[in-house]
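1. I need the structure of the sequence given here:
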Amino acid sequence: MPKTGSSIKRKRNARRCAKRLPTGPHGGVELLLIQPVEHLGKQGEVVEVRPGYANNYLLPQGLATFASEHHKRMIEKHRARLAEIQKARMASFRELADMLGQQSITIEANANDDGHLYGSVGAPEIVAGLKRANITITNDQVRLDGPIKELGLYTIKIHLAQEVEGELKVWVVPSVEDDREPTPSPAASS
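-> So this is what the prediction gives:
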């Protein structure tokens, strides 16, 4: 039996409907980004793109999926959970900043009689001093204006998070040398 024109049209329409993507308010295709895409958006954002870009690049590469109501609800729940986690992290950073403000560390360094250090004190020495006090931070969190090259008391900023900074008092003192009296040699007593 030969196929009629109407049955062919129905099959084409059925294929076209199967490929139909959810459209956004501006007539483009609404997609949910699975991974960040440069110049388009971050992971979890709902974006509107042209159908060709969606069909030929974003969907085949696995960078996006259809922005169904189910996916949007899942993302909102995930964002709420992430916000709670971020809030808890910020509270712990503020607590650590308060603890740093009450803390002071002492760093011994070799210095001459005028108080100038032979080397310098930098972020690694400050991190090591805090580690001895059971506080763990990284070198890049220590904010120094420059290396410390003299003995004295310094107030150092510790950058913990985007909006959280603590201050730490650092004492740079001369290294303790052997305080024993030299024994006189037999030649010196004669």
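2. C-alpha from now on. contacts and neighbour counts both.
-> Noted.
3. how about the CA coordinates for stretch 166-180, as CSV?
-> Backbone C-alpha positions of stretch 166-180 (Å, rounded to 0.1, in the frame of the first residue of the first chain) are rendered in CSV as follows:
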residue,chain,number,x,y,z
GLY,A,166,41.6,38.5,61.8
GLU,A,167,44.6,40.2,63.4
LEU,A,168,47.4,38.4,65.0
LYS,A,169,50.1,39.8,67.3
VAL,A,170,53.6,38.5,66.3
TRP,A,171,56.6,39.1,68.6
VAL,A,172,59.9,38.8,66.8
VAL,A,173,62.6,38.3,69.4
PRO,A,174,66.3,37.5,69.2
SER,A,175,67.1,33.8,69.2
VAL,A,176,68.2,32.4,72.6
GLU,A,177,71.8,31.6,72.7
ASP,A,178,73.6,29.3,75.0
ASP,A,179,73.8,31.2,78.4
ARG,A,180,76.5,29.1,79.9
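4. If you count neighbours, what's buried in that stretch?
-> Using 16 or more other CA atoms under 10 Å as the test for burial, stretch 166-180 gives Gly166, Glu167, Leu168, Lys169, Val170, Trp171, Val172, Val173, Pro174.
5. ditto for stretch 146-153
-> Ile148, Lys149, Glu150, Leu151.
6. Just the pLDDT for the third one.
-> In the prediction, the pLDDT value recorded for Glu150 is 93.
7. how much space between the nearest residue to it once chain neighbours are set aside and Phe93?
-> Once flanking residues are discounted, Glu150 sits nearest to His116: 4.6 Å by CA to CA, 6 or more residues apart in numbering. Between His116 and Phe93 the computed distance is 35 Å (CA to CA, to the nearest Å).
8. what's the answer for Glu125, then?
-> Taking CA to CA, one finds Glu125 at 22 Å from Phe93.
9. Between these two, which is the more surrounded one?
-> Each of Glu125 and Phe93 has its neighbours counted (other CA atoms under 10 Å); Phe93 has more, 19 against 15.
10. Looks like the more buried one contacts Glu163 (just checking).
-> No. At 9.7 Å, Phe93 does not count as touching Glu163 under the criterion of CA atoms under 8 Å.
11. which secondary structure element contains the residue nearest to Ala111 when sequence neighbours are not counted?
-> In space, and not counting its chain neighbours, Ala111 is closest to Leu117: 4.1 Å by CA to CA, 6+ apart. Following DSSP states H and E, one finds Leu117 within strand 116-121.
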